[in-house]
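In: starting from these lines, generate the structure:
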Amino acid sequence: MGKTVLKKLNKYTDLKEKHTKIVNKFPQFFAFSNEQLEKGLKKLNVTKEEICSTGYGGFIRKIDKKAYGDMWLKISKETEEAQKDDLYLFQAFLYELANHEFCITCDYEDTLSSLGFEYEKMTKRELEILKKAKSEYLNNCEDYLKWLN
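Out: Model prediction:
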């Protein structure tokens with residue numbers, strides 16, 4: 001099944017790519033030094049007083065705070081809706097198991113965290129899909145690791 005899944009359009013990576021494009025288009029910058037801060041201010045054509053932090057080194061214009069929040073709310077709602085689809089969720093687990101090298105770590109924490117899940121709070125349906133994805137991944141982990149790289 002591994003190669004078949006790899007050849008199909010992947011609902012998870014398609015949505016992830018869509019969301020990445022939306023976030024990358026948003027007027028923002030990241031700065032971890034004064035030089036980067038100055039470049040970011042020029043990029044947005046603003047002063048220090050006209051920006052606010054989004055955390056993790058990110059900055060946006062204060063006037064864009066609502067639009068920024070709305071963007072993340074939309075992304076969150078689309079993701080939540082997508083997770084109701086068994087195939088999407090299977091592909092999400094499969095992708096993130098490979099992405100976090102579950103075949104080496106045998107630890108779900110990074111995989112689940114990247115998808116906003118906590119093992120103890122998962123539903124029976126989610127756990128069953130995770131189990132199927134784990135089995136698929138471990139049976140074909142070399143294919144999946146090549147697919148990611």
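In: gap between stretch 24-41 and the chain center?
Out: 21 Å (C-alpha atoms, centre = their mean, to the nearest Å).
In: and for stretch 48-58?
Out: 21 Å.
In: can you check stretch 67-84 too?
Out: Put simply, stretch 67-84 sits 12 Å off its chain's centre (C-alpha atoms, centre = their mean).
In: check stretch 107-114 too.
Out: Worked out by C-alpha atoms, centre = their mean, stretch 107-114 lies 12 Å from the chain centre.
In: and if you look at stretch 32-49?
Out: 26 Å.
In: the top helix by length along the chain - contacts with which helices or strands?
Out: Assignment by DSSP state H gives helix 65-82 as the longest helix of the chain. Under the contact definition 3 or more C-beta pairs under 8 Å, 6 or more residues apart in numbering; DSSP states H and E, helix 65-82 sits against helix 11-25. Bear in mind the C-beta positions are built from the backbone N, C-alpha and C, glycine included.
In: next, the buried residues of the helix it packs on.
Out: For helix 11-25, a neighbour-count test (16 or more other C-beta atoms under 10 Å) marks 11-12, 15, 19 as buried.
In: try stretch 130-148
Out: Across stretch 130-148, burial judged by 16+ other C-beta under 10 Å covers 130, 132-134, 136-137, 140-141, 144, 147.
In: noted, bye for now.
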